[in-house]
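Novice: Using only what follows, build the 3D model:
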Amino acid sequence: MLWANLLFLFVLSLVPVATDWIDKTGFAAFPTVVYTVLNMLVSLSYMGLETVVRRSHRAPTADEKARAGLTPKQAALVKRRSTAKERATLVLETVSLVLALALPTTRLAYVTLILAIGLWIVPDLRIVHVLDWLAEEDAAE
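Specialist: The predicted structure follows:
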């Protein structure tokens, strides 16, 4: 778990450098490609970190799932939606990379990248359910 976290933080720490480089070069082609690849690496390293964290914890018991208010069908749906969101982000970032390579003077790559980032504004349903469950436990005490 430590190495996955360190990888994520390292890749994330490169974002300000790449952003400054893009600004200084006036949105040149190569810095645009580097920035897009860096965003893909951030997404991939986060997905890896999330996988490592999820595997390191034990699976919730049926009683814990019932207290969280999730049926097995709902839990599977939440996981499927979250996975679809991660994959959609990677697809949009790949499209952004292709656009940055093919049409470096256009801003289409940035529009696609903004759409990918916009997917992360909507909270992950797994987090929402955990927060609801914690709020209910605090209210019960």
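Novice: give me the number of residues near residue 40?
Specialist: For residue 40, the neighbour count with other C-beta atoms under 10 Å is 20. In short, each C-beta sits where N, CA and C put it, glycine included.
Novice: And it, how far from residue 95?
Specialist: Distance, residue 40 to residue 95, by C-beta to C-beta, to the nearest Å: 11 Å.
Novice: What is the burial count for residue 96?
Specialist: With other C-beta under 10 Å as criterion, residue 96 counts 26.
Novice: what about it, which helix or strand?
Specialist: helix 72-102 (DSSP states H and E).
Novice: Mind listing what's buried along that helix?
Specialist: 78, 86, 89, 92, 93, 95, 96, 97, 99, 100 (16 or more other C-beta atoms under 10 Å).
Novice: Quick check: of the residues you listed, which lies closest to residue 7?
Specialist: Nearest to residue 7, judged by C-beta to C-beta, of those is residue 86 at 16.5 Å.
Novice: Give the full set of residues in contact with that closest one.
Specialist: 43, 47 (C-beta atoms under 8 Å, 6 or more residues apart in numbering).
Novice: rerun at 6 Å
Specialist: Counting by C-beta atoms under 6 Å, 6 or more residues apart in numbering, residue 86 touches residue 47.
Novice: quick one, what contacts the residue nearest the centre of the chain?
Specialist: Closest residue to the average C-alpha location of the chain: residue 43 at 5.0 Å, with C-alpha atoms, centre = their mean. Neighbour list for residue 43: 89, 90 [criterion: C-beta under 6 Å, 6+ apart].
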